[in-house]
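Trainee: quick check, what structure comes out for this input:
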Amino acid sequence: IKALIMRIIKITSSVLLALALPLMGACSEQSPQVHKATSSADSIKKQELKLTVYKDKNCGCCKGWIEHINQSDINTKAIDADDMGLIKSQYQIKPNQRSCHTAVSANGFVFEGHVPAKFIKQFLSEKHPAHIIGLTVPAMPLGTPGMEMGDAFHKYNIEFITTNTTTGVYKHISQYDEQF
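Mentor: Sure, this is the predicted structure:
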């Protein structure tokens, strides 16, 4: 019965996300914001890590993710946005890579959805080609930080966000403990 319930939750989550994604991108006619990130994160120090998080004011999973980020020594400034589709378009997040919240580092890197703090820190400590502007966990996989539901966990990929059509997997997460 537990397996059946988990399957129903997964299907329901997928259907709800499929219905919400077109609404998230409804205002994509605006010109994208120029990306300010550099190809080097050498100047980032642990105490300087700060993310501006754009979210819906009623989203509980966004609040859970922000708590996870704050507990991992990353400071956050949460901004309740009326039009998340506009935010995602401004930061060049492709429709198939969108999730519920969008976070932006001080140097312009973008983190979409439930990216674990461990991988945000790792990404910011590395050098990246100029076309790589951040990371995303598309949709809202169960068991990611902020999306905890008991012992439920779904494997997922952390993908690169790019300014061109290339895509790639930054990290495949196959077990809950890999996130921390």
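Trainee: what is the distance between stretch 130-142 and the centre of its chain?
Mentor: Mean-position distance between stretch 130-142 and its chain equals 5 Å (Cα atoms, centre = their mean, to the nearest Å).
Trainee: what average pLDDT does that stretch get?
Mentor: Stretch 130-142 shows a mean pLDDT of 96.
Trainee: tell me which residues of that stretch are tucked away?
Mentor: For stretch 130-142, a neighbour-count test (16 or more other Cβ atoms under 10 Å) marks I132, I133, G134, L135, T136, V137, P138, A139, M140, P141, L142 as buried. Heads up, the C-betas are built off the backbone N, CA and C, glycines and all.
Trainee: can you give me the end-to-end span of stretch 130-141?
Mentor: Stretch 130-141 has an end-to-end distance of 28 Å (criterion: Cα to Cα, to the nearest Å).
Trainee: how about stretch 93-108?
Mentor: End-to-end for stretch 93-108, by Cα to Cα: 13 Å.
Trainee: gap between the closest residue in space to F153 that isn't next to it in sequence and E178?
Mentor: Counting by Cβ to Cβ, 6 or more residues apart in numbering, F153 lies nearest to G143, which is 3.2 Å off, once chain neighbours are set aside. According to Cβ to Cβ, to the nearest Å, G143 stands 11 Å off from E178.
Trainee: these two: which is more packed in?
Mentor: G143 (19 against 13; other Cβ atoms under 10 Å).
Trainee: surely I158 meets S174?
Mentor: No: the pair I158 and S174 does not pass the contact test of Cβ atoms under 8 Å, sitting 11.8 Å apart.
Trainee: immediately after the helix or strand of the chain with the lowest mean pLDDT, which helix or strand?
Mentor: The weakest-scoring helix or strand in the chain, judged by mean pLDDT, DSSP states H and E, is helix 2-24 (a mean of 45). The helix or strand immediately downstream of helix 2-24 is strand 50-55, counting by DSSP states H and E.
Trainee: other SSEs contacting that following strand?
Mentor: Contacting strand 50-55 under the criterion 3 or more Cβ pairs under 8 Å, 6 or more residues apart in numbering; DSSP states H and E are the following elements: helix 60-71, strand 75-80, helix 84-90, strand 102-105.
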